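1. For reference, the sequence and a predicted model appear below.
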There are 2 protein chains.
Amino acid sequence: MSAGEQRGRKPRADVQRNRAALLETAQRHFLQHGVGTSLEAVAKEAGVGPGTLYRHFPTREALLAAVLQTRSEELVARQADIEQLDDPAEALEQWLRAMEEYFSAFSGLPDPLMAAARAQEPDNPLTIPCDILISATDQYVRAAQLAGCVRASVRGNDLFLAACSVAWIKGAGTDEESLARLRTLIASGYRERDTQA
Amino acid sequence: MSAGEQRGRKPRADVQRNRAALLETAQRHFLQHGVGTSLEAVAKEAGVGPGTLYRHFPTREALLAAVLQTRSEELVARQADIEQLDDPAEALEQWLRAMEEYFSAFSGLPDPLMAAARAQEPDNPLTIPCDILISATDQYVRAAQLAGCVRASVRGNDLFLAACSVAWIKGAGTDEESLARLRTLIASGYRERDTQA
DNA sequence: ATCAAAACGGATGCTGCCTCCGTACGCATT
DNA sequence: AATGCGTACGGAGGCAGCATCCGTTTTGAT
């Protein structure tokens, strides 16, 4: 069934084991030491040599993307279930917070994410998760616009950038109060003026 | 005359020469390669050994701060002269743009700046230029608030963060259009609603 | 001219990145 | 069960950058 898999040979067992071990270990290290963590250390702790790590994930971004992809798909799915009904303005707000938390998962994550979201390097593996999130944001924005809660000029992309910024600032150790004020400021920026009515 | 300088001995000539050469070279390298540029390379091109560089500037931040301090003071001075009169809303806007450009001077600059602005590491040399800019921003904000153009809840610190964010996003290679929309969004966020009247 | 303090600078050790290639493993075949 | 082939492994090694330490040189003072 499932599409044209295994052409010729059956994939080796150790490949999948190593890949899984690497992903698991990498996630732990990213959590503990941020996206800049030593890849050598990851390899060692996963019980493989550096060569193996680089064969599976040629760049740091590739590894990061692999770790994130699962998460981002889950995020989209979960949110789509829970929200989307009810008040679209509330849904958008919750979505933005969810993205912000997602971006804050690993210290230093916003930087490579932004680089991937913007740069026209289609070979950057992080571009995919980014695009998923941007279009998801756009969905929420459009829904809220139809309900008249959000200005027509706003794009999903804009709020993606804003959420990324907030996450970035958060990562720098800013106190929660300043953060809250910044979120308010942004919300005032995208909301339609006569929302209150 | 001039305050209590040279106590005991006259400062050596080579010290000042080296310091000047280092600052000059460092600025060039920061401009060309971003704040992450190789300090070894800077030292070599300045014609001194690594040891000398580290003696003058114990950390990368110290060097960066030294390069920036001059600039930031100039920025404040220049702006204070030109603006401050006329329309305070316009003045604030211009000031924010000026800060944004300042933050974009070197690629990667926003990161260490934010780290310094927030963290309670009073020993971080970048804290000083940051504080200068934050309080300057607060001046502009207050003036605009008195004129009723800016919401009462906004603090200079908030807009400092916002400007820093925009600069950060800009540094990631975002297209000018998205950037412009983000600025508009932020402006809509801090402006008083009945400004137009 | 001489001295002592201060500054220099490069050799040094360390960490992390990434590649290359001889080796070992695992799957298929007999 | 044994053989063979191709894939994947892994660690040694070259490279770059950081930061320090200490023997040597420069500099200003006497």
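-> Yes, it's here.
2. Now for chain A: which helix has the highest residue count?
-> helix A:60-82 (DSSP state H).
3. now check it, is it near DNA strand C?
-> Yes. Counting by C-beta under 7 Å from any atom of the strand, DNA strand C is contacted by helix A:60-82 at A:Arg60. The way it works is simple: take the backbone N, C-alpha and C, and place the C-beta from them, glycine included.
4. Dump that helix to PDB, keeping only the CA atoms.
-> Only the C-alpha atoms of helix A:60-82 are listed here, as PDB (Å, rounded to 0.1, in the frame of the first residue of the first chain):
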ATOM      1  CA  ARG A  60      21.800  22.300  12.400                       C
ATOM      2  CA  GLU A  61      18.700  23.600  10.800                       C
ATOM      3  CA  ALA A  62      17.800  20.200   9.400                       C
ATOM      4  CA  LEU A  63      18.000  18.700  12.800                       C
ATOM      5  CA  LEU A  64      16.000  21.500  14.300                       C
ATOM      6  CA  ALA A  65      13.400  21.200  11.600                       C
ATOM      7  CA  ALA A  66      13.000  17.500  12.200                       C
ATOM      8  CA  VAL A  67      12.500  18.100  15.900                       C
ATOM      9  CA  LEU A  68      10.000  20.900  15.200                       C
ATOM     10  CA  GLN A  69       8.000  19.400  12.400                       C
ATOM     11  CA  THR A  70       6.100  17.000  14.700                       C
ATOM     12  CA  ARG A  71       5.500  19.700  17.200                       C
ATOM     13  CA  SER A  72       4.200  22.200  14.700                       C
ATOM     14  CA  GLU A  73       1.800  19.800  13.100                       C
ATOM     15  CA  GLU A  74       0.500  18.900  16.500                       C
ATOM     16  CA  LEU A  75       0.100  22.500  17.300                       C
ATOM     17  CA  VAL A  76      -1.900  23.200  14.200                       C
ATOM     18  CA  ALA A  77      -4.100  20.200  14.600                       C
ATOM     19  CA  ARG A  78      -4.800  20.700  18.300                       C
ATOM     20  CA  GLN A  79      -5.700  24.400  17.800                       C
ATOM     21  CA  ALA A  80      -7.900  23.700  14.800                       C
ATOM     22  CA  ASP A  81      -9.900  21.300  16.900                       C
ATOM     23  CA  ILE A  82     -10.300  23.400  20.000                       C
END
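5. Which parts of it count as buried, going by neighbours?
-> Under the neighbour-count criterion of 16 or more other C-beta atoms under 10 Å in any protein chain shown, helix A:60-82 has A:60-68, A:72, A:75-76, A:79 buried.
6. Show me what counts as buried in the host helix or strand of A:Leu92.
-> If you go by DSSP states H and E, A:Leu92 is part of helix A:88-103. For helix A:88-103, burial by neighbour count (16+ other C-beta under 10 Å) applies to A:Pro88, A:Ala89, A:Ala91, A:Leu92, A:Glu93, A:Trp95, A:Leu96, A:Ala98, A:Met99, A:Glu100, A:Tyr102, A:Phe103.
7. Switch those over to JSON lines; also include pLDDT and distance to A:Lys10.
-> Listed next are the buried residues of helix A:88-103 as JSON lines, based on pLDDT from 0 to 100; distance: C-beta to C-beta, whole Å:
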{"residue": "A:Pro88", "pLDDT": "93", "distance to A:Lys10": "49"}
{"residue": "A:Ala89", "pLDDT": "93", "distance to A:Lys10": "52"}
{"residue": "A:Ala91", "pLDDT": "93", "distance to A:Lys10": "45"}
{"residue": "A:Leu92", "pLDDT": "95", "distance to A:Lys10": "47"}
{"residue": "A:Glu93", "pLDDT": "94", "distance to A:Lys10": "49"}
{"residue": "A:Trp95", "pLDDT": "94", "distance to A:Lys10": "42"}
{"residue": "A:Leu96", "pLDDT": "96", "distance to A:Lys10": "45"}
{"residue": "A:Ala98", "pLDDT": "95", "distance to A:Lys10": "40"}
{"residue": "A:Met99", "pLDDT": "95", "distance to A:Lys10": "40"}
{"residue": "A:Glu100", "pLDDT": "97", "distance to A:Lys10": "43"}
{"residue": "A:Tyr102", "pLDDT": "96", "distance to A:Lys10": "36"}
{"residue": "A:Phe103", "pLDDT": "97", "distance to A:Lys10": "39"}
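8. Can you tell me which of the residues you listed is nearest A:Ala13?
-> Minimum distance to A:Ala13 across those is 32.7 Å, recorded for A:Tyr102 (C-beta to C-beta).
9. which residues does the nearest residue to that closest one once chain neighbours are set aside contact?
-> In space, and not counting its chain neighbours, A:Tyr102 is closest to A:Leu75: 5.6 Å by C-beta to C-beta, 6 or more residues apart in numbering or on different chains. Residues near A:Leu75 by C-beta atoms under 8 Å, 6 or more residues apart in numbering or on different chains: A:Ala98, A:Met99, A:Tyr102, A:Leu133.
10. Could you chop chain A up by domain?
-> What automatic domain parsing lists as the domains of chain A is A:12-58, A:59-196.
11. Show me how far the last one is from its chain's centre.
-> Yep, that's domain A:59-196 we're talking about. For domain A:59-196, the separation from the chain centroid amounts to 8 Å (computed by C-alpha atoms, centre = their mean, to the nearest Å).
12. Sounds good, over and out.
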